[in-house]
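A.B. asks: Attaching a predicted model along with its sequence, questions to come.
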Amino acid sequence: MNIAQLPFYWRLKRYGDLSPVPQRFPFEYDFDEDLQLLIQKRNPKTLAHLATIYREDANIGYLQDDNQIARPYGTDFCRFINNALERWGSSTRQILEIGCGGCTILETLKDRGYEVVGIDPGPLSYREGIHRRIRVINDFFPTSNFLDLVDLIFHNDVLEHVAEPVEFLIAQKNQLRENGLIITAVPDCSEGVNLGELSMTMHQHLNYYDLDSLKNVFEAAGLEVLLIKRATYGGSLYCCARKTERDFNVNKKAGTLKFERFLELAKETALSVTLKISEAFERKESVGFYAPLRALPYLAFQEKWTDFRFFDDTENWYGKYFDGVDVPIENFSDLRLNPVDSLFVMSPTFGEAIQSKILESNIPIPSLNLLKNLI
C-alpha cells in the first residue's frame, strides 16, 4: 500500500512558513510478523526527517495548556494512571515521563507529592519545564543525561513514533526499580487495521496498534501486562505493565494473513472514499472536509491539493495550514456562515457528534457524508 506523496504533517503553520523537511513525502505500509503489528515501512530518510522535527516546535506534545480540545484526553489518561497507581503502584515515589509535551500531567503528579522528571527533545517541553519548575531533560530517550532508577515510566502518544518499540520498552524496563510500572497511551488503530481504513495514515506514526499487537510489544520486551483497555474518551488504547523477573511465552500468531487482509480492504476503502469525493468535484460542487488531518491520505491518492475547504474544532489550528496543502483551516462558525454543497466528516471517533452538531444547527448542506458510511 503505497502513497506517492503524502503531506508531511507535523505542525500547523502560518501561510508561507518554511519547513526543514519536505512538505510531501512517500509513504508505505509494512508488517512486523512477529508482533502482528501494522507499521510504516522503515525509510531512513523518513526517520531522519522525524528526528529533525521532534527537535522543532511541533504539534507533537498534544497535551498543552493552550490546546483546550486536548484537555479531556489528558484528564482521561490521568484517571487511568491514578487507577493503576492505586492498584499496583502504592510504593511509587519517583516518576519519569517520556515525551512530556506541555508537562501538564507531570505537574498534576508533582502537585500530588511525587518526584517527577520529563525527557523530551522539543523546545516546548523544555520551556514548560522551566515555567512549572519541573526538571525536563532536552533529549531523546534513552539518554546518558538521566540514569536514575524510577518507580513509574509513562508516555502518551509516543510509542507509535518509535522505530524499535520493543527495544524502547526494554530500555525503560532497565530504568525501573523492582516491580516498577510502565503506562502508555497510543492511538487505537483497531478499526483502521480491521477495515483497511486509511485516515490514520501519517508519517510521524511508525506503528499502528490494535489490542493484540500492543500486548505483543510489551510481552516481547519481557514486561507483564496488567491491563489493556480502550480509553473512555477519544480513540486511544491504554496499557499498564510491570517489570518482573519471570519469563513470558509470547503468543505469536505467525503469518501475514492480517496484513494481506488489511491491504485488500485498504484498496477497496481508498477506492470507495476517493470515488465519492471525486463525484462531488465532478458535479462542480463546493467541497469541504471536517477533521481535515484525516482527509489527507485520501486526498493524496487523488493528488488533489486545492479547490476545497478545511474545517476543524481545534482552536489553535484556526487560520493555519498543513505543510503541502495551501488551504486555511476554518471553524464551525465559518461553516455555518458559508456552507458547502458537499461536506465529508472524516473523524472515525467524533464523526457522529460532528454530524449531530451540524444537523442541530440547521446548516443547509445538501450532501453530508460520514467517513464510516463510505467504507
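C.D. replies: Yep, it's here.
A.B. asks: Contact partners for Gln40?
C.D. replies: Applying CB atoms under 8 Å, 6 or more residues apart in numbering, one finds that Gln40 lies in contact with 27-30, 46, 203, 205-208. Placement of C-beta: from N, CA and C, glycine included.
A.B. asks: Just give me the closest of the residues you listed to Ile95.
C.D. replies: Nearest to Ile95 among the contacts of Gln40, counting by CB to CB, is Asn207 at 24.1 Å.
A.B. asks: pretty sure Glu264 contacts Thr256?
C.D. replies: No: in this structure Glu264 lies outside contact range of Thr256 using CB atoms under 8 Å: 11.9 Å.
A.B. asks: Quick one: mean pLDDT over the longest helix seen in the chain.
C.D. replies: Scanning the chain for the helix with the most residues, using DSSP state H, yields helix 257-282. For helix 257-282, mean pLDDT is 96.
A.B. asks: burial measure for Asn145, as a count.
C.D. replies: Other residues within reach of Asn145, judged by other CB atoms under 10 Å, total 10.
A.B. asks: so what's it up against?
C.D. replies: Asn145 touches 137, 139, counting by CB under 8 Å, 6+ apart.
A.B. asks: Give me the distance between it and Ile119.
C.D. replies: Distance of Asn145 to Ile119, given as CB to CB, to the nearest Å: 8 Å.
A.B. asks: Pull up the overlap in contacts between the two.
C.D. replies: 137, 139.
A.B. asks: just to revisit the earlier point, of the contacts of Gln40, which is the nearest to Ser91?
C.D. replies: Closest to Ser91, out of all of these and judged by CB to CB, is Asn207, at 31.3 Å.
A.B. asks: for this protein, what spans make up the helices?
C.D. replies: Here the chain has its helices, by DSSP H, at 44-53, 71-88, 104-111, 123-132, 165-173, 190-195, 211-220, 257-282, 296-302, 332-337, 351-360.
A.B. asks: Pull the residues that contact stretch 273-287.
C.D. replies: Contacts of stretch 273-287 (CB under 8 Å, 6+ apart): 298-299, 301-302, 304, 307-309, 340-344, 366-367, 369, 371, 374-375.
A.B. asks: Among the residues you listed, name the ones in strands.
C.D. replies: Applying DSSP state E to those, the entries found in strands are 309, 342-344, 367, 369.
A.B. asks: Now the buried members of these.
C.D. replies: With neighbours counted by 16 or more other CB atoms under 10 Å, those contain buried members at 309, 342-344, 369.
A.B. asks: Turn those residues into TSV, columns for pLDDT and distance to Pro123.
C.D. replies: As requested, these are exported to TSV (pLDDT from 0 to 100; distance: CB to CB, whole Å):
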residue	pLDDT	distance to Pro123
Arg309	98	32
Ser342	98	40
Leu343	98	37
Phe344	98	35
Asn369	97	40
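A.B. asks: What's opposite the closest residue to Gly129 other than its chain neighbours in the beta bridge?
C.D. replies: Closest residue in space to Gly129, ignoring its immediate chain neighbours: Val136 at 3.0 Å, by CB to CB, 6 or more residues apart in numbering. Partner residues in beta bridges with Val136, using DSSP bridges, are Gly118.
A.B. asks: Tell me the spacing between Val136 and Val116.
C.D. replies: Distance, Val136 to Val116, by CB to CB: 10 Å.
A.B. asks: okay, these two: which has more neighbours?
C.D. replies: Val116 (26 against 23).
A.B. asks: That one: what's it in contact with?
C.D. replies: Val116 is in contact with 94-97, 106, 109-110, 134-135, counting by CB under 8 Å, 6+ apart.
A.B. asks: what does the model give it for pLDDT?
C.D. replies: The model's pLDDT for Val116 equals 98.
A.B. asks: Could you check how far it is from Asn179?
C.D. replies: 19 Å.
A.B. asks: Rounded mean pLDDT for the strand ranked longest in the chain, please.
C.D. replies: In the chain, with assignment by DSSP E, the single longest strand is strand 176-187. For strand 176-187, the mean per-residue pLDDT is 97.
A.B. asks: So which other helices or strands are in contact with it?
C.D. replies: helix 71-88, strand 150-156, helix 165-173, strand 236-243 (3 or more CB pairs under 8 Å, 6 or more residues apart in numbering; DSSP states H and E).
A.B. asks: how's this structure carved up into domains?
C.D. replies: 2-27+256-373, 33-243 (automatic domain parsing).
A.B. asks: Good, wrapping up.
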